[in-house]
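[1] Have a look; sequence and predicted model below, questions after that.
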Amino acid sequence: MTEEARNAGAAIAAKRNELALSQRAFGELIGRSESWVSQVERGTRTIDRLSELVRISEVAEISIAELMPAFVTTAPNKPLAVSELAMALILSSGLRFGLRRPGDPKPRTRQNPATLIERAGQAWELAHGSAYGALAEQLLDLLPDLETAVRADDGELRQALHGALATAYHAAAAVLSKLDEPAAAWVAADRALHVAESAGDPMLVAAGAFRLTLAFQSARSLDLAQATAQNADDALAGFDAADPVVVSLRGALNLQLAVIASRRNDAERAYGHLDLAHELAERNGENRNDHGTEFGPANVGVHEVAIALALGDAGRARRVGEALDATSLSPERQARLLIDLARAHAQRRTLPKVVAALTAADDLAPQQVRTHPAVRALLHNLAKTTAANDDEGFAELTARLSTSPIE
């Protein structure tokens with residue numbers, strides 16, 4: 001008998017009693033015998049199948065993360081959020097709805113549709129705040145519940161539920177791309193596209209294409225990324241040019257086309273797409289956040305810094321970055337700017353500015369900074385220099401960034 005089995009059994013027993021169900025009645029609901037339920041509640045039997053966890057979670061209204069934390073595992077050197085987000089994708093997959101036996105209880109949501117829609121909006125707040133652990137914990141329940149809700153609801157909230165589900169998948173794809181999990185990000189983005197198409201919302205489809213572009217870039221598949229972004233931008237060019245949502249999505253796609261070109265060292269094409277993004281940002285005239293894109297003049301500036309760096313123009317990156325007011329953007333975007341500024345300062349070996357930029361970035365978004373490959377590479381390269389080894393501030397920063405961020 002393990003402590004985890006005892007804790008899971010106690011949680012199930014408490015919830016079963018709260019629902020006024022006997023062990024036999026509970027067993028019938030989850031497709032198990034009374035003796036099986038008894039053994040699980042006493043902790044003498046371990047729940048070791050995903051299907052069992054899903055059924056118990058649905059009937060007892062207990063999250064899987066709470067019921068069996070060890071079932072959500074993480075690979076070495078990967079944040080726990082990676083495996084939790086992957087588990088959220090598994091629990092919301094078609095397997096949950098298609099592989100059901102006759103007589104199995106139908107999946108049901110734990111919350112009403114309006115609450116689910118509200119929580120999907122909160123998911124983006126967590127993503128933009130680089131609160132990866134909190135987002136993963138939220139999506140473990142939210143994605144399966146939304147998938148259930150869009151299948152069950154045929155009323156006036158149906159389209160809103162589709163939009164909420166696509167939004168939740170967008171948030172998952174965004175964070176998985178940042179955590180260098182391109183395969184899972186691809187799955188999340190592709191599901192968002194399917195949901196948006198089912199909802200008949202072209203702007204949601206375009207937002208899905210944007211997320212898929214980021215997933216392809218994370219996978220280093222630049223041809224696929226470019227084709228996806230270009231096709232979506234071409235399609236959006238046929239929509240109302242005065243619609244600020246259309247403008248935002250076109251701008252966000254052109255920023256990604258600029259990034260892709262810069263990674264191919266094609267400066268002319270990169271700055272051409274960047275110029276178009278500038279024009280689109282001026283057309284909207286303000287920083288917006290349509291479909292989580294944060295498109296506007298400030299975010300164009302953040303991308304200009306990244307593009308200049310990729311093209312080897314650290315001087316331009318420093319000039320633009322130091323003059324840019326990014327305080328209107330999310331902590332994630334502000335931290336990204338500071339990471340790129342640190343990289344630009346490192347090329348001139350101005351170590352105090354590197355330390356200051358990374359410290360400020362870590363204050364804003366520790367989970368992002370301490371898991372970012374560019375930060376790890378930067379610290380590794382600087383550690384080889386004599387100046388860094390003799391610098392107390394650099395030593396303190398290295399120690400700080402080597403600890404796990406608060407989940």
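    Cool, the structure landed.
[2] residue contacts, the residue most central in space within the chain?
    Centroid-nearest residue in the chain, with C-alpha atoms, centre = their mean: residue 175, separated by 2.4 Å. Residues in contact with residue 175 (C-beta atoms under 8 Å, 6 or more residues apart in numbering) are 81, 85, 127, 132, 135-136. For every residue, glycine as well, the C-beta is placed using N, CA and C.
[3] excluding its backbone neighbours, what's nearest residue 357?
    residue 342 (3.9 Å; C-beta to C-beta, 6 or more residues apart in numbering).
[4] ok, that neighbour to residue 224 distance?
    30 Å (C-beta to C-beta, to the nearest Å).
[5] And the helices in the stretch 151-300 of the chain, which stretches?
    With DSSP state H, counting those that start in this stretch, the ranges of helices along the stretch 151-300 of the chain come out as 158-178, 182-199, 202-218, 222-236, 244-263, 267-284, 297-310.
[6] looking at these, which is closest to residue 45?
    helix 182-199 (31.2 Å; C-beta to C-beta).
[7] ok so, going back, among residue 342 and residue 224, which residue is more densely surrounded?
    residue 342 (27 against 16; other C-beta atoms under 10 Å).
[8] is it true that the more buried one touches residue 352?
    No. Look at residue 342 against residue 352 with C-beta atoms under 8 Å: they stay out of range, at 11.0 Å.
[9] related to what we said a few turns ago, secondary structure element for the residue nearest to residue 357?
    Assigned by DSSP states H and E, residue 342 belongs to helix 331-347.
[10] which helices and strands sit right next to the helix or strand following that helix?
    Sequence order places helix 351-364 as the next helix or strand after helix 331-347, per DSSP H and E. Contact partners of helix 351-364 among helices and strands, from 3 or more C-beta pairs under 8 Å, 6 or more residues apart in numbering; DSSP states H and E: helix 331-347, helix 366-369, helix 373-382, helix 392-401.
[11] can you tell me which of the ones you listed the model trusts least?
    When the helices and strands packed on helix 351-364 are compared by mean pLDDT, helix 373-382 comes last with a mean of 86.
[12] which secondary structure elements does that helix contact?
    helix 331-347, helix 351-364, helix 392-401.
[13] from those, which stretch is densest packed?
    helix 331-347 (a mean of 23; mean count of other C-beta atoms under 10 Å).
[14] Could you tell me the angle between it and helix 158-178?
    Interaxial angle of helix 331-347 relative to helix 158-178 (axes from the mean of the first three to the mean of the last three C-alpha atoms, to 10 degrees): 20 degrees.
[15] what's in contact with helix 331-347?
    In contact with helix 331-347 (C-beta under 8 Å, 6+ apart) are residues 127-130, 178, 294, 298-299, 302, 305-306, 309, 314, 317-318, 321-322, 324, 326-327, 329, 353-354, 357-358, 360-362, 364-365, 368-369, 372, 374-375, 378, 381-382.
[16] in the stretch 1-150 of the chain, which spans are helices?
    Counting by DSSP H, counting those that start in this stretch, the helices of the stretch 1-150 of the chain are 3-18, 23-30, 34-42, 50-60, 64-67, 80-91, 95-98, 113-128, 132-152.
[17] Now render the helices and strands packed on helix 351-364 as CSV, adding distance to residue 238.
    Compiled in CSV, those are given as follows (distance: least, C-beta to C-beta, whole Å):
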stretch, distance to residue 238
helix 331-347, 29
helix 366-369, 36
helix 373-382, 37
helix 392-401, 46
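[18] pretty sure residue 317 contacts residue 309?
    Yes. Residue 317 lies in contact with residue 309 (C-beta under 8 Å); the separation is 4.7 Å.
[19] Looking at these two, which is more packed in?
    More neighbours surround residue 317 than the other of residue 317 and residue 309, with 24 against 21 (other C-beta under 10 Å).
[20] List the contacts of that one.
    Here residue 317 is in contact with 305-306, 308-309, 340-341, 343-344 (criterion: C-beta under 8 Å, 6+ apart).
[21] and which of the residues you listed is nearest residue 202?
    residue 306 (28.5 Å).
[22] out of everything not next to it in sequence, what's closest to the closest one?
    residue 340 (5.3 Å).
[23] Could you report the distance from that neighbour to residue 174?
    For residue 340 relative to residue 174 (C-beta to C-beta), the value is 18 Å.
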